[in-house]
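Trainee: no FASTA, just this:
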């Protein structure tokens with residue numbers, strides 16, 4: 001083994017050992033449903049903010065999106081990171097944080113489907129939301145392994161499935177043992193690694209290219225077919241060569257978090273309303289550094305055009321190879337840090353997703369359909385079983401996708417998952433926290449709308465359907481899952497209030513009871529130190 005491999009192994013072993021220890025130390029908080037799913041609603045602002053941020057940013061962002069959008073937009077891709085910070089974090093916490101925390105505690109809702117069921121007094125909405133989560137979170141979970149192959153292949157000569165298996169098993173251990181609290185504490189540790197790691201990598205890459213000024217000067221001299229009409233500097237310009245496409249990326253990756261159950265669920269567990277304000281600041285700063293740093297780094301990807309891998313048939317760059325190519329020339333210490341950084345990002349998001357999937361499936365489907373009362377102990381046991389199930393399925397999908405690259409269905413499902421979930425849930429969830437007029441039927445229509453757009457995008461892409469005859473607007477919308485995902489979200493924001501106006505009003509007593517929680521400040525749950 002060379003020095004880079006030895007250092008990487010040492011850091012990985014230490015990292016994995018720490019994750020397992022945290023799971024063991026927090027096991028006492030995972031004995032009942034409220035503790036296992038929400039940490040007894042007593043999680044502080046630092047842990048919640050880092051849990052929110054690390055669930056947001058995974059290897060998909062660091063390796064995939066940073067490489068792809070950095071290649072397409074140059075330094076302007078940094079806007080995506082800033083959008084993630086100010087729209088996906090700052091505004092999300094300000095608009096959704098307090099109201100989510102207060103109303104979900106008042107309704108004793110533990111998951112997003114549970115919230116919909118109790119907010120609208122509808123078992124049908126609860127089950128429908130659970131099914132949507134189940135269908136679209138699995139491929140989204142499988143996508144977390146993207147990018148790990150090229151990164152680990154750069155250092156270790158081991159099969160990709162081994163990397164996936166190790167990551168899945170170790171994540172499963174600490175989530176199963178410690179539940180939400182183990183996830184939150186480990187997310188904090190993983191977040192610290194991500195913060196220091198991304199800063200170190202940026203400085204190393206810039207230094208490798210002669211500093212910021214020299215790197216930007218080299219980038220400004222690059223042009224290709226996408227910069228037609230430019231005399232130079234397209235990839236160092238303020239909004240890049242394609243501002244409209246960049247805007248769609250910013251909206252999808254930033255506004256989408258408002259409707260993702262694993263993200264919004266972090267507000268359910270925070271200890272008090274006062275902690276929302278602290279968490280807002282922490283989460284925003286974290287996102288500026290991590291997301292802004294990732295996309296800024298990716299903006300220099302074209303400086304490594306001679307090192308990345310290209311599709312032999314189309315000649316297009318393989319985006320997952322861009323960031324690893326940027327790192328290949330750096331020191332062994334930096335590479336070892338990046339290995340742990342990317343693994344941290346992926347494991348934190350994976351733990352959040354499998355906990356969300358298992359709790360939703362257990363509480364909102366299994367328990368709802370059970371004819372007998374289920375004890376807390378039994379519910380927690382079932383959740384642990386489903387955590388294993390979701391981890392195994394997502395890992396199997398990722399391994400199958402890697403060994404069968406011609407099977408495009410899986411890749412496309414991953415692409416539409418974010419848009420489907422956010423398109424279905426964002427509008428009815430946000431509006432229902434603020435307005436008594438939102439109806440059950442409007443929520444159901446938005447579920448159909450969001451999933452319908454996603455499925456249509458899937459059919460068009462897989463079927464190779466020519467949409468040029470549909471007109472320029474529709475052709476642009478369904479050009480990619482990014483564009484259609486944005487339309488699903490924004491369309492829902494228009495559809496829900498309109499449908500609510502023309503459908504039967506909700507029961508006055510029900511909504512008055514739901515909104516009564518905002519009239520008084522909720523009491524802080526007994527403080528738990530971690």
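Mentor: Yep, that arrived. None of these values were measured; they are calculated from a predicted model. Numbers count the residues shown, from 1 in each chain.
Trainee: number of nearby residues for residue 507?
Mentor: Residue 507 has 12 neighbours, counted by other C-beta atoms under 10 Å. Any C-beta I mention is one placed from the backbone N, CA and C, and that applies to glycine too.
Trainee: what's near enough to touch it?
Mentor: Residue 507 makes contact with residue 121, according to C-beta atoms under 8 Å, 6 or more residues apart in numbering.
Trainee: Can you pull the phi/psi pair for it?
Mentor: phi -60, psi 120 (degrees, to the nearest 10).
Trainee: Around residue 267, how many other residues sit close by?
Mentor: Residues near residue 267, counting by other C-beta under 10 Å: 22.
Trainee: Skipping its backbone neighbours, what lies nearest it in space?
Mentor: residue 100 (3.9 Å; C-beta to C-beta, 6 or more residues apart in numbering).
Trainee: In terms of helices and strands, where is that neighbour?
Mentor: Using DSSP states H and E, residue 100 maps to helix 98-107.
Trainee: Return the list of helices and strands in contact with that helix.
Mentor: helix 112-119, helix 261-269, helix 273-298, helix 408-434, helix 508-515 (3 or more C-beta pairs under 8 Å, 6 or more residues apart in numbering; DSSP states H and E).
Trainee: Would you quantify the distance from the residue lying closest to residue 496 once chain neighbours are set aside to residue 497?
Mentor: Leaving out its chain neighbours, the residue that sits closest to residue 496 by C-beta to C-beta, 6+ apart is residue 427, at 4.3 Å. With distances taken as C-beta to C-beta, to the nearest Å, residue 427 is found 8 Å from residue 497.
Trainee: So which of those two has more stuff around it?
Mentor: residue 427 (29 against 15).
Trainee: if we can go back for a sec, now the helix holding residue 100, how far from the centre of its chain.
Mentor: Computed by C-alpha atoms, centre = their mean, to the nearest Å, the chain-centroid distance of helix 98-107 equals 22 Å.
Trainee: Next, the buried residues of that helix.
Mentor: 98-107 (16 or more other C-beta atoms under 10 Å).
Trainee: what sits up against that helix?
Mentor: 41, 109-110, 115, 118-119, 264, 267-268, 270, 273, 276, 433-434, 514-518, 522.
Trainee: Which of those residues are buried? Put it as a PyMOL command.
Mentor: To isolate the buried ones among the contacts of helix 98-107 in PyMOL, judged by 16+ other C-beta under 10 Å, type:
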select buried, resi 41+109+110+115+118+119+264+267+268+270+273+276+433+514+515+517+522
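Trainee: where does the stretch 401-530 of the chain dip in pLDDT?
Mentor: 405-411, 520-530 (pLDDT under 70).
Trainee: I'd like to know which of the helices and strands packed on helix 98-107 lies nearest to residue 399.
Mentor: helix 408-434 (10.8 Å; C-beta to C-beta).
Trainee: Would you mind listing the buried residues in stretch 162-178?
Mentor: The neighbour-count check on stretch 162-178 (16+ other C-beta under 10 Å) flags 163-164, 167-168, 170-178 as buried.
Trainee: Just the mean pLDDT for that stretch, thanks.
Mentor: If you average the pLDDT over stretch 162-178, you get 90.
Trainee: for stretch 134-147, same thing?
Mentor: Average pLDDT, stretch 134-147: 83.
Trainee: list the buried ones in it?
Mentor: By neighbour count on 16+ other C-beta under 10 Å, the buried set for stretch 134-147 is 134, 136-147.
Trainee: do stretch 305-325 as well
Mentor: By neighbour count with 16+ other C-beta under 10 Å, stretch 305-325 contains the buried residues 308, 317, 319-325.
Trainee: Mind picking the one among those that's closest to residue 69?
Mentor: For the buried residues of stretch 305-325, the nearest to residue 69 is residue 319 (8.7 Å; C-beta to C-beta).
Trainee: Isn't the closest one up against residue 72?
Mentor: No: using C-beta atoms under 8 Å, residue 319 makes no contact with residue 72, being 9.0 Å away.
Trainee: ok so, going back, nearest to residue 401, of the buried residues of stretch 305-325?
Mentor: residue 320 (12.2 Å).
Trainee: Counting neighbours, show which residues of the helix or strand that contains residue 248 come out buried.
Mentor: In the assignment (DSSP H and E), residue 248 maps to helix 243-255. For helix 243-255, the neighbour count (16+ other C-beta under 10 Å) marks 245-246, 248-255 as buried.
Trainee: Can you lay out the buried residues of stretch 162-178 as JSON lines showing distance to residue 335?
Mentor: Shown next, in JSON lines, are the buried residues of stretch 162-178 (distance: C-beta to C-beta, whole Å):
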{"residue": "163", "distance to residue 335": "15"}
{"residue": "164", "distance to residue 335": "20"}
{"residue": "167", "distance to residue 335": "18"}
{"residue": "168", "distance to residue 335": "23"}
{"residue": "170", "distance to residue 335": "21"}
{"residue": "171", "distance to residue 335": "23"}
{"residue": "172", "distance to residue 335": "27"}
{"residue": "173", "distance to residue 335": "26"}
{"residue": "174", "distance to residue 335": "25"}
{"residue": "175", "distance to residue 335": "28"}
{"residue": "176", "distance to residue 335": "31"}
{"residue": "177", "distance to residue 335": "31"}
{"residue": "178", "distance to residue 335": "30"}
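Trainee: JSON lines please, covering these and showing secondary structure and distance to residue 48.
Mentor: Below are those laid out as JSON lines (DSSP: H, G, I helix; E, B strand; the rest coil; distance: C-beta to C-beta, whole Å):
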{"residue": "163", "secondary structure": "helix", "distance to residue 48": "30"}
{"residue": "164", "secondary structure": "helix", "distance to residue 48": "29"}
{"residue": "167", "secondary structure": "helix", "distance to residue 48": "24"}
{"residue": "168", "secondary structure": "helix", "distance to residue 48": "25"}
{"residue": "170", "secondary structure": "helix", "distance to residue 48": "23"}
{"residue": "171", "secondary structure": "helix", "distance to residue 48": "20"}
{"residue": "172", "secondary structure": "helix", "distance to residue 48": "23"}
{"residue": "173", "secondary structure": "helix", "distance to residue 48": "23"}
{"residue": "174", "secondary structure": "helix", "distance to residue 48": "18"}
{"residue": "175", "secondary structure": "helix", "distance to residue 48": "17"}
{"residue": "176", "secondary structure": "helix", "distance to residue 48": "21"}
{"residue": "177", "secondary structure": "helix", "distance to residue 48": "21"}
{"residue": "178", "secondary structure": "helix", "distance to residue 48": "16"}
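Trainee: of all the residues you listed, which comes closest to residue 54?
Mentor: Distance to residue 54 across these (C-beta to C-beta) is lowest for residue 171, with 12.3 Å.
Trainee: Now do the same contact list for the closest one.
Mentor: 19, 347, 350-351, 354, 391.
Trainee: Out of the residues you listed, grab the one that's most surrounded.
Mentor: Neighbour-wise, these (other C-beta under 10 Å) top out at residue 351, 31 neighbours.
Trainee: I'd like the distance from the helix or strand where it lies to the chain centre, please.
Mentor: Following DSSP H and E, one finds residue 351 within helix 332-361. Centroid separation for helix 332-361 versus its chain: 11 Å, with C-alpha atoms, centre = their mean.
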